[in-house]
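Peer 1: Next come a sequence and a model predicted from it.
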Amino acid sequence: MARRKRKDEEPDWVPPEFDEVAFMRKEIENAKIAVVVVAWAAIGAIVGLILYTYVHPAAGFLLGLATFGGLYFLLPVLGLPIHGYKKRDWFNRFGTYFFCWLAFFILALNPPFGDHTPPSIQFEAAASYTSAGLAEPGIRSIYCVPASAATTVSVGVGGNNTLYVLFRATDNVAVQNVTVRAEPGTGPVDLTPTDVSLSISACSNSANNTRYPSGTYAVKMPASGFPVTFTVTATDRVGLSSTAWFRVAPL
């Protein structure tokens, strides 16, 4: 018959005594390390931004991430022990570093901190009309032929004496300068674009009271010397530029 266990017998396993001081010390160390990891991620983002800008985008991304390895040397210098760290601990720290670094890196690449995107150019339309002194065409007074970059569009000229071209130049911050060069058979000529943003469209084949979107420009020149190639260059405030062209031929 089995012996009945007495109530006053000692249990076979005794839980270890909870060391509150050691636990608090460890938590404080972990909090300090977390702060250092976040700050180091900001430094890594700066390193990545410099390499992205002056060396190569891939170098900025890869070496910016590789900066994480510096924590192995930095933490002991700051008096934060890592001798008991296991692979899991380093993996957790890298996860914190990666997401913080990525957030800082993306912020640094975009306005207001950085601008690495060149302007965008879209050709909208081409038309011809008769003018006195190259005056602007009236509201919905000309027929516009849709145009796109690196193509040739055919425009009916008839007895008209002026070519009219619409295009857009936009940027993620602001376009600083826009230049237009026309190259008819008689030789190249530089044109001065006019900002017609938000003006009511001059195209008769547009809806009533349609307004040009922001960043829309217009240029005009004598309708002669066909075909005419129009080349637009847009530059933003940090010097990034884009160039696009299209050609106009008589219908």
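Peer 2: Perfect, thanks for sending it.
Peer 1: What's opposite Ala244 in the beta bridge?
Peer 2: Val232 (DSSP bridges).
Peer 1: so it sits right up against Ile121, yeah?
Peer 2: Yes - if you go by C-beta atoms under 8 Å, Ala244 and Ile121 touch, sitting 4.1 Å apart. Any C-beta I mention is one placed from the backbone N, CA and C, and that applies to glycine too.
Peer 1: More neighbours: the two, which one.
Peer 2: Ile121 (24 against 19; other C-beta atoms under 10 Å).
Peer 1: partner strands of the helix or strand containing Leu166, parallel or antiparallel?
Peer 2: Using DSSP states H and E, Leu166 sits in strand 162-170. As defined by DSSP bridges, the strand partners of strand 162-170 come to strand 120-129 (antiparallel), strand 216-222 (antiparallel).
Peer 1: Now do the following helix or strand past it against strand 120-129, angle only.
Peer 2: As assigned by DSSP H and E, the chain's next helix or strand after strand 162-170 is strand 175-183. Strand 175-183 runs at 50 degrees relative to strand 120-129, counting by axes from the mean of the first three to the mean of the last three C-alpha atoms, to 10 degrees.
Peer 1: Now tabulate the strands paired with strand 162-170 in TSV and tack on mean pLDDT and distance to Thr231.
Peer 2: Below are those laid out as TSV (pLDDT from 0 to 100; distance: least, C-beta to C-beta, whole Å):
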stretch	mean pLDDT	distance to Thr231
strand 120-129	96	10
strand 216-222	95	11
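Peer 1: quick one: which of the ones you listed is nearest Asn161?
Peer 2: Asn161 lies closest, by C-beta to C-beta, to one member of those: strand 216-222, at 6.4 Å.
Peer 1: Buried residues in the closest one, which are they?
Peer 2: By 16 or more other C-beta atoms under 10 Å, the buried positions in strand 216-222 come out as 216-221.
Peer 1: Number of residues surrounding Gly187?
Peer 2: Gly187 - counted by other C-beta under 10 Å - has 8 other residues nearby.
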